[in-house]
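Colleague: Build me a structure from this.
(2 chains)
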Amino acid sequence: MAEYASSYESRRPAVCLVAVRAKGIDLEPVLWGLEEEGIPVEMQEAAQGKSVGLAKEAAHASPLNVGIAVSGVEQTIVLHHRDLPADQPLFVIDLRSAPVKELRRLGINAARLVKAEPLVLNDKVTPDLPEQAPQKASPEVSDELVGRIVESVLAELAKARGTLWKKTASA
Amino acid sequence: MAYIAGVDVGNNTTEVALAEIDGRGNPRFLSSSTVRTVGIKGTLRNAMGIIEALDQALQPTGLRRNQLDLVLLNEATPVIGDIAMETITETVITESAMIGHNPSTPGGRGLGQGRTIALDQLSSSSNHQPYIVIVPGEVEFKDAAAQINAARERGLTVAGAIVQKDDGVLINNRLDQRVPIVDEVKHIDRVPVGMPAAVEVAQPGRTIERLCNPYDIATLFHLDSEDTKRVVPMARALMGTRSAVVIKTPKGDIEQRRIPAGHITLVGHKQKAEVPVEEGADAIMAKLATICPLEEIRAEAGTNVGGMFEQVRKVMAELTDQPVSTIRVQDIIAVDTFKPQQVLGALAGEFAMGNAVGLAAMVQTQKLPMQRLARKLEEEIAVKVMVGGVEAEMAIRGALTTPGTKPPLATLDLGGGSTDASIINDAGEIRSVHLAGAGDMVTLLIDTELGLNDHELAEEIKKHPLAKVETLFHMRHEDGSVQFFDKPLDPRLFGRVVVLGDRGPIPLDTNHLLAQIVAVRQGAKKKVFVRNALRALERVAPAGNIRLIHFVVLVGGSGLDFEIPKMISDALFEYGVVTGRGNVRGSEGPRNAVATGLVLAHTQHRGM
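Modeller: Okay, the predicted model is just below:
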């Protein structure tokens, strides 16, 4: 029993983050995301490799079964889980177009994957700007604006539902 | 030999039983079908649904529509229900005085007390009283932590913080001395500065203990007995949260007010009684039980209840081509419920649960225009259409085809709009009753109590069990069993409570625990279905005594529900009644009772 435990002592429970040629990439937001959620992370460097494959390996190396890999060559960051098929990572983010916020979200999601909590899939949960001023008298809202909002909401809904399963609004 | 079809147009489904009648008049059932009812029951639009149902039933037999000899329509019971929700209390907190919410990750733990101060004022402040620091969204967590640390080095006491972004843990981890921090406070600009405040964060797995207790608030803020009374609704709103902030504002004016919800007048044969809706569901139902026989229920004009009653009567009047003045509301069921209400001036969008009464009303008129529908159908399909017997009687006849039953027997049809019960005695006499409140009301209760504002979703929650997606490959069902999947589940489902709908799992975007949602769902079903089942059976039972009924057969769609039959069975077991889901013709389950009964009634009638 004791020996069994000791052999694992060196493996601190942490999410494993592997970086390959990622000197110039600011990974701090990812770490902050994990920190806010209270999940530790361990960083390693790899000499070479594709980010998806590395993320999968990192997930296997992590006692928490969650791995992240960032590649300066591909300019991508990947979140993977041990149980997922190697070619099906959970998230792949293109660093060239991703805002800082999205990196932090990746960190949050890595942590939530460990905690089995709902993932953050849009900006809803991270309010980092003062929302609309206190709603006093309602501002003038044109019908056109309402129409546009309704349209975009419906489009989002259709997208979200259509890809998941064919949910038609049954009357 | 002849082919005849029995058609039952219900509120939700249209059902068909197709039979072949041999030379001696004995029916042999060939097939059956169920489709969604098109249009409101009793209107001409129903014809479309009927034709579809007929075609579906004909399809496996290879028969064509014109080979049918007769179509029998049910004489639909003209019952229409409507439901409404009456708020009877409302918590009004006019000056923003509290934040109580469940950010997923607040910082630190414990209770901190001090005066609120903006972060940028901290450096110029030298007072030696403790502070609660307000950190707006523009400030990076590192700067915030650095400024708080610097202030402390200068001898200031920082007792806690209120943060706009989801930065609570990050700030806390960078502080030299940990303090409780409430984060994700949306309207941080509304937090008053320079006011006494208290911040409490509970440890994981617990809820706050001090700020939800009026006496603790009184102790912290030196309140007198009058003020303590006023903080009660606020303390109640904070109960059960993981973190909270209470700020004392000079004008802090918190009141709980009762909204006049109107009166209901119960008019009996000889008596008349008035009940204010705000007295709650139990008072209304208790009064209702004393007025017997009940002739009409009226509601005070100009109130919400009044508006709802008018609506029901108007729809019924249009449907039956009768003047509104002749339409009477004949039954109501009232149910106590809760309704989440936005707290005015709340800082993080939190809400309090207000008391409400849910009401379902029902109207019964002479006759729905089924003859009109029969004529229209006859034109469309060129087959003779007749309006057959009374629905309740047909349901009993159909239910009696369930193996193991014999008269005296009662049927219970828990529908969408109304709860119907019928009974047949040894002599073959049938009595029936229609009561307000059924499936639609359950949906309304689920929708309101969970604050969904999504009727479709509430309907799904009503009909299907729940599960929690625990990993990317497995979910735990509400009964505790675990199901594994070969392929990874959608990340959108991960970590969430899902409804196992017909088209796949639907994630619920709420903070409710699975057990809470189950409790709301079962509570709603018990409040409406079980109560109404007992009420309905009492009305038809000999001498009003349910014990004198021996067999109760559940028919209709709700009989297929995954938990309602058990609930009803449990409730009726006390009365020594054999209760079960019907199995019409030994093959149809609880469905098709009326359609089957129509065919049987026709053949027996002819045989005589």
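Colleague: Please make it C-alpha for all contacts and neighbour counts, starting now.
Modeller: Fine.
Colleague: And the helices in chain A?
Modeller: Counting by DSSP state H, chain A has helices at residues A:2-7, A:28-37, A:51-61, A:100-115, A:143-164.
Colleague: Now tell me which of those the model trusts least on average.
Modeller: With a mean of 43, helix A:2-7 has the lowest mean pLDDT of those.
Colleague: number of nearby residues for B:Met195?
Modeller: When counting by other C-alpha atoms under 10 Å in any protein chain shown, one arrives at 17 neighbours for B:Met195.
Colleague: so it makes contact with B:Arg115?
Modeller: Yes. Between B:Met195 and B:Arg115 a contact is recorded at 5.1 Å, counting by C-alpha atoms under 8 Å.
Colleague: longest helix of chain B?
Modeller: Per DSSP H, chain B has its longest helix at helix B:304-320.
Colleague: Show me what that helix packs onto, helices and strands only.
Modeller: On a contact count with 3 or more C-alpha pairs under 8 Å, 6 or more residues apart in numbering or on different chains; DSSP states H and E, helix B:304-320 meets strand B:79-87, strand B:294-299, strand B:351-364.
Colleague: Pick out the shakiest of those strands, pLDDT-wise.
Modeller: Looking across these, the weakest by mean pLDDT turns out to be strand B:79-87, at a mean of 66.
Colleague: In a strand, B:Arg152, correct?
Modeller: No. Counting by DSSP: H, G, I helix; E, B strand; the rest coil, B:Arg152 falls outside a strand, being helix.
Colleague: Kindly tell me how buried it is, as a neighbour count.
Modeller: For B:Arg152, using other C-alpha under 10 Å, the count is 17.
Colleague: Quick check: chain neighbours aside, which residue is closest to it?
Modeller: With C-alpha to C-alpha, 6 or more residues apart in numbering or on different chains as the criterion, B:Arg152 has its nearest non-adjacent residue at 6.8 Å, and that residue is B:Val158.
Colleague: Count residues in the vicinity of the one you found, would you?
Modeller: B:Val158 has 27 neighbouring residues, counting by other C-alpha under 10 Å.
Colleague: So which bits of the stretch 451-600 of chain B are right by chain A?
Modeller: Selection of the stretch 451-600 of chain B residues close to chain A by C-alpha under 8 Å from any C-alpha of the partner chain yields B:470-473, B:488, B:490-496, B:503-504.
Colleague: and if we set it to 7 Å?
Modeller: Within the stretch 451-600 of chain B, the positions near chain A by C-alpha under 7 Å from any C-alpha of the partner chain are B:470-471, B:488, B:492, B:494-496, B:503-504.
Colleague: which one among those gets closest to A:Glu74?
Modeller: Sorting those by distance to A:Glu74 puts B:Pro488 at the head of the list, at 25.7 Å, by C-alpha to C-alpha.
Colleague: Neighbours of whichever residue of the stretch 1-150 of chain B sits closest to chain A, how many?
Modeller: The stretch 1-150 of chain B approaches chain A most closely through B:Gly137 (5.5 Å), counting by C-alpha to the nearest C-alpha. Applying other C-alpha under 10 Å, we find 22 residues neighbouring B:Gly137.
Colleague: Tell me the secondary structure of it, please.
Modeller: Secondary structure, three-state DSSP: B:Gly137 is coil.
Colleague: could you list every residue that touches residue 119?
Modeller: I went with chain A, as the question did not name one. Contacts of A:Leu119 were listed using C-alpha atoms under 7 Å, 6 or more residues apart in numbering or on different chains, and they are A:109, A:112, B:492, B:494.
Colleague: my bad, the chain I had in mind was chain B
Modeller: Neighbouring residues of B:Leu119 by C-alpha under 7 Å, 6+ apart: B:133-135.
Colleague: For those, could you give me JSON lines that also reports neighbour count, pLDDT and distance to chain A?
Modeller: Shown next, in JSON lines, are those (neighbours: other C-alpha atoms under 10 Å in any protein chain shown; pLDDT from 0 to 100; distance: C-alpha to the nearest C-alpha, whole Å):
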{"residue": "B:Val133", "neighbour count": "25", "pLDDT": "95", "distance to chain A": "17"}
{"residue": "B:Ile134", "neighbour count": "26", "pLDDT": "94", "distance to chain A": "13"}
{"residue": "B:Val135", "neighbour count": "25", "pLDDT": "95", "distance to chain A": "11"}
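Colleague: element containing B:Ile517, please.
Modeller: Applying DSSP states H and E as the criterion places B:Ile517 in helix B:514-525.
Colleague: Give me the buried positions along that helix.
Modeller: B:514, B:517-518, B:520-525 (16 or more other C-alpha atoms under 10 Å in any protein chain shown).
Colleague: Packing partners of that helix?
Modeller: The contact analysis (3 or more C-alpha pairs under 7 Å, 6 or more residues apart in numbering or on different chains; DSSP states H and E) places helix B:514-525 against helix B:439-449.
Colleague: Restricting to C-alpha, output the helix it packs on in CSV.
Modeller: Presented in CSV, the C-alpha positions along helix B:439-449 are these (Å, rounded to 0.1, in the frame of the first residue of the first chain):
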residue,chain,number,x,y,z
GLY,B,439,-50.6,18.7,-17.7
ASP,B,440,-50.4,22.3,-19.0
MET,B,441,-50.5,23.5,-15.4
VAL,B,442,-47.7,21.2,-14.4
THR,B,443,-45.6,22.7,-17.2
LEU,B,444,-46.4,26.2,-16.1
LEU,B,445,-45.4,25.4,-12.5
ILE,B,446,-42.1,23.9,-13.7
ASP,B,447,-41.4,26.9,-15.9
THR,B,448,-42.1,29.4,-13.2
GLU,B,449,-40.5,27.7,-10.2
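Colleague: Now do it: which elements does it pack against?
Modeller: Looks like helix B:439-449 contacts strand B:329-342, helix B:455-463, helix B:514-525 (3+ C-alpha pairs under 7 Å, 6+ apart).
Colleague: average pLDDT for the helix or strand following the second one?
Modeller: I take that to be helix B:455-463. For helix B:455-463, the following helix or strand on the C-terminal side (DSSP H and E) is strand B:466-469. Mean pLDDT, strand B:466-469: 95.
Colleague: can you pull the pLDDT of B:Ala410?
Modeller: Looking at B:Ala410, its pLDDT stands at 93.
Colleague: beta partners for B:Ala273?
Modeller: In this structure, B:Ala273 bridges to B:Leu266 when assessed by DSSP bridges.
Colleague: ok, back up a step: make JSON lines out of the contacts of B:Leu119 and add distance to B:Met285.
Modeller: Shown next, in JSON lines, are the contacts of B:Leu119 (distance: C-alpha to C-alpha, whole Å):
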{"residue": "B:Val133", "distance to B:Met285": "52"}
{"residue": "B:Ile134", "distance to B:Met285": "51"}
{"residue": "B:Val135", "distance to B:Met285": "52"}
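Colleague: Can you get me a residue count around residue 118?
Modeller: Just going to use chain A. Per other C-alpha under 10 Å, the neighbour tally for A:Pro118 reads 20.
Colleague: I was after chain B.
Modeller: By the criterion of other C-alpha under 10 Å, B:Ala118 has 19 neighbours.
Colleague: so it bridges to which residues?
Modeller: According to DSSP bridges, the partner residues bridging B:Ala118 are B:Ile134.
Colleague: OK, contacts around it?
Modeller: Applying C-alpha under 7 Å, 6+ apart to B:Ala118 gives the contacts B:133-135, B:193.
Colleague: among these, which two are most distant?
Modeller: B:Val135 and B:Val193 (11.7 Å).
Colleague: Among the buried residues of helix B:514-525, which one sits closest to chain A?
Modeller: Of all the buried residues of helix B:514-525, B:Leu514 has the smallest distance to chain A: 13.1 Å, by C-alpha to the nearest C-alpha.
Colleague: Low-confidence ranges, chain B, go.
Modeller: B:76-100, B:250-260, B:342-350, B:365-368, B:605-608 (pLDDT under 70).
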